[in-house]
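Undergrad: show me the folded form of this:
(chains A, B, C and D)
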2 protein chains.
Amino acid sequence: MELDETDRAILRILQEDARTPFSEVARRIDMSSATVHDRVSRLEDEGVIRGYHADIDPKSVGYGVGAFVGLRVEQGREEDALERLRGIDGVREIHLTTGEWDVILRVVAADTDRLRELMFERIAETEGFSRSQTMVILGTDYEQPGPPL
Amino acid sequence: MELDETDRAILRILQEDARTPFSEVARRIDMSSATVHDRVSRLEDEGVIRGYHADIDPKSVGYGVGAFVGLRVEQGREEDALERLRGIDGVREIHLTTGEWDVILRVVAADTDRLRELMFERIAETEGFSRSQTMVILGTDYEQPGPPL
DNA sequence: TTTGAAATTGGCCAGAC
DNA sequence: GTCTGGCCAATTTCAAA
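TA: Numbering: from 1, shown residues only, chains lettered A, B, ... in the order given. Alright, predicted model coming up:
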């Protein structure tokens, strides 16, 4: 799908603040709000906009610790192992990667004790993984939502 | 800040779809929309809700490749080095971590050629890093927005 | 244009003290 | 009895479709 500069301007505004009223989007890009409405519908239908999410501070809801977890997966057990990981509450993202690890998880936990439980009782117990390493996030220096536009 | 079950229900709905009208949120949690409005304002003011973002498909806007990049930082140059990383377009997240790396970046690029440029011309050239490793994301198996609620 | 949502106002009610 | 906080109804202003 081809995106023109108007589409990109709309995406930029909604990536920054997804609750911006279409009427204000229209004002800012100097178009009618009917046009904005049509274009947003099209961008949603085409899968360019996948959804809209409130950005919730994990600490405020009781998740004080985050980590990346690198895993090596045993040949032939990938799908089964991944399926079990998806069912673990603190596991928020599962990426298949090249390099030192086959899989990189992003996890959250209430505190370091709970992170240890997650790692040693839930993830390490999951069969199909041969090795793992946890990289606890001490702080996030910079974070942009989504791709550059 | 204390969150009750009503707050969590509101957060769950807006994390799932940030554009849900307050009137519908109200219907679903069986409260008035004025109450929903009050609570959402409070959650925003307290920093529980940090914002609302459209979730844009990176491929659709020309970013076909993502990667995690692990870096070792030389003592005493952290702040300076991080500052320069923040200025690089494809760098979307910068996390300070324990473990094998001091810093883990999340980056996006148009294609593998551009990723190579990013790595070898922009990041490796940045002074203050002694070692790096790139883990290209072959696919994302699972992804949940934000923490469990 | 009509239909509905956002945002504000004022007031009600319950529990704290 | 008053204060506080949470909730609702009504209104008006504005957006969605």
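
Undergrad: got the contact list for the spatially closest residue to A:M31 that is not a sequence neighbour?
TA: Sequence neighbours aside, A:T6 is the residue nearest to A:M31 in space, at 6.9 Å (criterion: Cβ to Cβ, 6 or more residues apart in numbering or on different chains). (Each C-beta comes from the backbone N, C-alpha and C, glycine too.) By Cβ atoms under 8 Å, 6 or more residues apart in numbering or on different chains, the contact set of A:T6 is A:29, A:31, A:39.

Undergrad: wait, is A:T6 part of a helix?
TA: Yes: the assignment for A:T6 is a helix, going by DSSP: H, G, I helix; E, B strand; the rest coil.

Undergrad: strands along chain A, start to end?
TA: A:49-56, A:65-73, A:91-97, A:103-109, A:129-143 (DSSP state E).

Undergrad: mind listing what the first one pairs with, with the direction of each?
TA: Strand A:49-56 sits in its sheet next to strand B:49-56 (antiparallel), going by DSSP bridges.

Undergrad: now do the partner strand: everything it contacts.
TA: Identification of contacts with strand B:49-56 by Cβ under 8 Å, 6+ apart yields A:11, A:14-19, A:48-57, A:145-147, A:149, B:11, B:14, B:18-19, B:40, B:43, B:145.

Undergrad: report the buried residues of that strand.
TA: Using 16 or more other Cβ atoms under 10 Å in any protein chain shown as the test for burial, strand B:49-56 gives B:49-50, B:52-56.

Undergrad: hang on, the earlier thing: from B:R84, how far out is the residue nearest to A:M31?
TA: For A:T6, the distance to B:R84 equals 33 Å [Cβ to Cβ, to the nearest Å].

Undergrad: list the helices and strands the worst-scoring helix or strand of chain A on mean pLDDT packs on?
TA: Ranking every helix and strand in chain A by mean pLDDT, DSSP states H and E puts helix A:78-86 at the bottom, with a mean of 89. Applying 3 or more Cβ pairs under 8 Å, 6 or more residues apart in numbering or on different chains; DSSP states H and E, one finds that helix A:78-86 makes contact with strand A:91-97, strand A:103-109, strand B:129-143.

Undergrad: ranking those strands by burial, who's on top?
TA: Of all these, strand A:103-109 has the most neighbours on average by mean count of other Cβ atoms under 10 Å in any protein chain shown, namely a mean of 23.

Undergrad: give me the sheet partners of that strand and which way each runs.
TA: strand A:65-73 (antiparallel), strand A:91-97 (antiparallel).

Undergrad: quick one: distance of the longest one to the chain centre.
TA: Just to be clear, that refers to strand A:65-73. Mean-position distance between strand A:65-73 and its chain equals 15 Å (Cα atoms, centre = their mean, to the nearest Å).
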